[in-house]
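Participant: After the sequence you'll find the predicted model.
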Amino acid sequence: MTLLEVTDLTVSFPTADGVVRAVRGVSFGVEAGRTLGIVGESGSGKTVLTQTLLGLTPGADVSGRALFDGTDLLTLTEDQMRNIRGARIAVIFQDPLTSLHPLYRVGWQIAEMIRAHDKSVTKQQAHDRAVELLGHVGIPRPDRRVDDYPHQFSGGMRQRAMIAMALALSPSMIIADEPTTALDATVQAQIIDLLLRLQQESNTALIMITHDLGVVADIADDVMVMYAGRAAEKAPKRDVFYAPHHPYTKGLLESIPSSSAAGDRLRPIPGSPPSLINLPSGCKFHPRCGYVLDRCLAEEPALRPVSQEGLHSSACWLPLQAAGLGERAEELRAETVREGRGEAAAEVYEAEIEALGSEGSVAG
Amino acid sequence: MSEPRASTGTASTPAVAAGDDLVRVENLVKHFPVRTGGLIRRTVGQVQAVDDVSLSIPRGKTLGLVGETGSGKSTFARCVAGLIPVTSGKVIFDGRDITNLSRGAMRPVRREIQMIFQDPYSSLNPRRRVGAIIGDPFAIHNTATGAERKRQVQELMERVGLNPEHYNRFPAEFSGGQRQRIGVARALALKPKLIICDEPVSALDVSIQAQVLNLLADLQRDYGLSYLFIAHDLEVVRHVSDSVAVMYLGRIGESGPKDPVYNSPRHPYTAALLSAAPAADPETAAARQRIILTGDVPSPIDPPSGCRFHPRCPKAEAVCSQQEPPLEAKAGDVATHLAACHFPVQAGENLAAAGRSELT
């Protein structure tokens, strides 16, 4: 059963410089017990997207629908939202140092959160529950550490405390926004392990927002790749990694230094992500795309299924079969480019090559 | 690919011709005193940030330094750059002992050792124009003025992939990747021999990260630069380095040419780090036996006795808490592949299982 069903969510912020179009028509669903990984670079809209679901983007123009267990999150009043946020949908943020209050004891903060949602719980009960939760997420000697201040915790322990807080009210969905980015590799492994274990225990739905494809490969069931406020590609995990259709997904995968290509040159995506105030015409990725066609300059492609089962979809004008990193897909892409690239698109492509050339990536 | 420090013999100590190395660090120690507050500031302890570290960087090569927060890798870099005095040990740069030189004596050496920092937002003064920022090294070392300085700055900008016409812009007008290019241009200005890169791409998006890594590779090829490359991303370090050193709590756990260290790590900590690194490939991720280390890195004020890794090590035995293991080549390894462990990891050994049994 789909726990969260988001349809055509659009979020924009009016600013003095113009309208920032942070999220433009994104649809997705998350089921209980499954993990959706949302991948994208800075400014791709991944954080705004989830914060809007939780009513944390005041001042934004929001449209679309987000049905959570039958309730449209976007129409709730602040009071109604307060009952859902924390209790039904919990959030884990990137930086555990800034998301814990430095002047209150860790255990008090967890207890406070429990009592805020259920006044019938006594202080002692809430405190005991905090100890139990801290133990559950692997804090050693939780009965003593519960009275520590956040600065007495290491980074990994703070993130565990945040997870304990997120679990406090047994939510049916957890949104984790870059939960391991600020942590060291061995601690990151501990936290991912913990999240997976907790999810299996309680059948929670998890939305994992990250820029790290490695984390996604580890933890996600389904993946949505975002670019400039839209879903560029959406698929079960294996398809994204082994049969990417969108050139942006392909570019991301090729940018990662991986063991197979050690010592070789990396293949970066030229340029940088567009300004969300002043978006390019047509497909928003076209100024950085190696397969740009004339059509891409004028029309923005919609997300459409590219596999037979319909689970894998991509927002790109390349033919459906042009998915994957293999030679055949590459030939198909090259052929499409020969047919579909006129003068206008050729000019865009020249500029990309030049951008790479000025980095010394292309000889001469 | 050539090994950076090809060994000439089978001796247990690395046989390195001194002339090959641009930088040689011998038994470097850096302790920071811990003082009480109050009027009389008594020293009550020492943060043993770097403890007896010896490493070398061959000319034109890259040494990757890996370690977690608090392992002492940045302190090590600062000692090499002469930014902080060392407690004991030696830093030999280009055949010359530069340990604790006076400010005046250090000045000419500083031109040859430059740094690139992690955060391209806080390492550039937001109120100064890019031309002035990149031109600073020329001004400080008085090597070019006026129109000549401007010409050289614009050449540098072009070299690192910035538009020279943006000479008069402020850092805020550039993206993160472009700002890191500004940092690279500033580091290149005085034609250094060594560039210390302290997490140079950690703050950048993946697609931009690759652009900057390619730029660094091109500059190394064209100018014969040596890099001391500090990062926590093991795949990035593997990509750029010729040799690597793994630090844990101020000491070197393992060091050597890249391939043997990555392919057959001997120190359990190296093995754990490698197994913990996220792999952007679902099959690798699923097949991998992750070694989950328990606990956190202990305090460097009061490091564990013996091997500093023993409280978290899945293989630790009694001797590990009593005797510090020497950093040496293990049986069957190339002479330059060193590990400090009493019970080095054997090929095919399953540490993940060992770690698990200890957890439960």
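Facilitator: The structure has been received and is ready for your questions. Numbering: from 1, shown residues only, chains lettered A, B, ... in the order given.

Participant: from what I can see B:R186 touches B:F138, true?
Facilitator: No - at 10.2 Å, B:R186 does not count as touching B:F138 under the criterion of C-beta atoms under 8 Å. In short, each C-beta sits where N, CA and C put it, glycine included.

Participant: Looking at those two, which has the bigger crowd around it?
Facilitator: Applying other C-beta atoms under 10 Å in any protein chain shown to B:R186 and B:F138 shows that B:R186 carries more neighbours, namely 23 against 19.

Participant: if I look at the residue nearest to B:Y262 when sequence neighbours are not counted, how far off is A:P257?
Facilitator: Leaving aside its sequence neighbours, B:Y262 sits nearest to B:R238 (C-beta to C-beta, 6 or more residues apart in numbering or on different chains; 5.7 Å). Separation of B:R238 from A:P257 (C-beta to C-beta, to the nearest Å): 7 Å.

Participant: Quick check: which element contains the residue of chain B found nearest chain A?
Facilitator: Closest approach of chain B to chain A (C-beta to the nearest C-beta) occurs at B:P278, with a separation of 2.5 Å. B:P278 belongs to no helix or strand when assigned by DSSP states H and E.

Participant: Return the residues in contact with the closest residue to it other than its chain neighbours.
Facilitator: Among residues not flanking B:P278 along the chain, A:G214 sits closest, at 2.5 Å (C-beta to C-beta, 6+ apart). Residues near A:G214 by C-beta atoms under 8 Å, 6 or more residues apart in numbering or on different chains: A:256, B:277-280, B:285.

Participant: my guess is A:G214 is in a helix, correct?
Facilitator: Yes - counting by DSSP: H, G, I helix; E, B strand; the rest coil, A:G214 is located in a helix.

Participant: Let me see the contact set for A:P140.
Facilitator: B:G295.

Participant: confidence score at it?
Facilitator: Reported pLDDT at A:P140 in the predicted model: 84.

Participant: you'd agree it is in a strand?
Facilitator: No - counting by three-state DSSP, A:P140 is not part of a strand but coil.

Participant: and the residue of chain B closest to chain A, how many neighbours?
Facilitator: Using other C-beta under 10 Å: B:P278 sits among 25 other residues.

Participant: and it, how far is that from B:V130?
Facilitator: 35 Å.

Participant: which stretches of the chain form strands?
Facilitator: With no chain named, the answer covers chain A. Using DSSP state E, the strands of chain A run over A:2-15, A:18-31, A:35-39, A:61-68, A:71-72, A:89-92, A:173-177, A:205-210, A:222-227, A:230-236, A:304-305, A:313-314.

Participant: sorry, should have said chain B
Facilitator: Assigned by DSSP E, the strands in chain B fall at B:21-35, B:43-58, B:62-66, B:88-93, B:96-97, B:113-116, B:194-198, B:226-231, B:243-248, B:251-257, B:328-329, B:338-339.

Participant: Turn these into JSON lines, including distance to chain A, mean pLDDT and mean neighbour count.
Facilitator: Formatted as JSON lines, these follow (distance: least, C-beta to the nearest C-beta, whole Å; pLDDT from 0 to 100; neighbours: other C-beta atoms under 10 Å in any protein chain shown):
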{"stretch": "strand B:21-35", "distance to chain A": "17", "mean pLDDT": "93", "mean neighbour count": "18"}
{"stretch": "strand B:43-58", "distance to chain A": "16", "mean pLDDT": "91", "mean neighbour count": "20"}
{"stretch": "strand B:62-66", "distance to chain A": "9", "mean pLDDT": "96", "mean neighbour count": "27"}
{"stretch": "strand B:88-93", "distance to chain A": "26", "mean pLDDT": "95", "mean neighbour count": "18"}
{"stretch": "strand B:96-97", "distance to chain A": "32", "mean pLDDT": "93", "mean neighbour count": "11"}
{"stretch": "strand B:113-116", "distance to chain A": "16", "mean pLDDT": "94", "mean neighbour count": "24"}
{"stretch": "strand B:194-198", "distance to chain A": "14", "mean pLDDT": "95", "mean neighbour count": "24"}
{"stretch": "strand B:226-231", "distance to chain A": "11", "mean pLDDT": "95", "mean neighbour count": "25"}
{"stretch": "strand B:243-248", "distance to chain A": "10", "mean pLDDT": "96", "mean neighbour count": "26"}
{"stretch": "strand B:251-257", "distance to chain A": "12", "mean pLDDT": "96", "mean neighbour count": "26"}
{"stretch": "strand B:328-329", "distance to chain A": "23", "mean pLDDT": "94", "mean neighbour count": "18"}
{"stretch": "strand B:338-339", "distance to chain A": "18", "mean pLDDT": "96", "mean neighbour count": "26"}
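
Participant: could those be laid out in JSON lines, adding distance to A:I92?
Facilitator: Supplementary listing: these in JSON lines, determined by distance: least, C-beta to C-beta, whole Å:
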{"stretch": "strand B:21-35", "distance to A:I92": "34"}
{"stretch": "strand B:43-58", "distance to A:I92": "31"}
{"stretch": "strand B:62-66", "distance to A:I92": "27"}
{"stretch": "strand B:88-93", "distance to A:I92": "43"}
{"stretch": "strand B:96-97", "distance to A:I92": "50"}
{"stretch": "strand B:113-116", "distance to A:I92": "32"}
{"stretch": "strand B:194-198", "distance to A:I92": "28"}
{"stretch": "strand B:226-231", "distance to A:I92": "25"}
{"stretch": "strand B:243-248", "distance to A:I92": "28"}
{"stretch": "strand B:251-257", "distance to A:I92": "31"}
{"stretch": "strand B:328-329", "distance to A:I92": "43"}
{"stretch": "strand B:338-339", "distance to A:I92": "37"}
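
Participant: Please name whichever of the ones you listed is nearest to A:F68.
Facilitator: Distance to A:F68, taken as C-beta to C-beta, is lowest for strand B:226-231 among the strands of chain B, at 39.8 Å.

Participant: Looking at chain A, which residue is nearest chain B?
Facilitator: Closest residue of chain A to chain B, C-beta to the nearest C-beta: A:G214 (2.5 Å).

Participant: can you pull the contacts of the spatially closest residue to A:K284 that is not a sequence neighbour?
Facilitator: Spatially, and ignoring its direct neighbours in sequence, A:K284 is nearest to A:A228 (3.9 Å; C-beta to C-beta, 6+ apart). Each residue near A:A228 by C-beta under 8 Å, 6+ apart is listed here: A:24, A:43-45, A:273-274, A:276, A:279, A:284-285.

Participant: tell me the least confident of those?
Facilitator: The lowest pLDDT within the contacts of A:A228 belongs to A:G43, with 85.

Participant: Show me what the helix or strand of chain A with the lowest mean pLDDT is packed against.
Facilitator: One helix or strand of chain A scores below all others by mean pLDDT, DSSP states H and E: helix A:96-99, with a mean of 77. Helix A:96-99 is packed against helix A:155-167, with contacts defined by 3 or more C-beta pairs under 8 Å, 6 or more residues apart in numbering or on different chains; DSSP states H and E.

Participant: same question for the helix it packs on, mean pLDDT?
Facilitator: Looking at helix A:155-167 alone, the average pLDDT works out to 89.

Participant: What of stretch A:305-317?
Facilitator: According to the model, stretch A:305-317 has a mean pLDDT of 92.

Participant: Could you find the closest non-adjacent residue to residue 85?
Facilitator: You didn't say which chain, so I picked chain A. The shortest distance from A:R85 to any non-neighbouring residue, by C-beta to C-beta, 6+ apart, is to A:L54 (5.2 Å).

Participant: oops, chain B please
Facilitator: Using C-beta to C-beta, 6+ apart and skipping residues adjacent in sequence, the residue nearest B:P85 is B:N100, 5.1 Å away.
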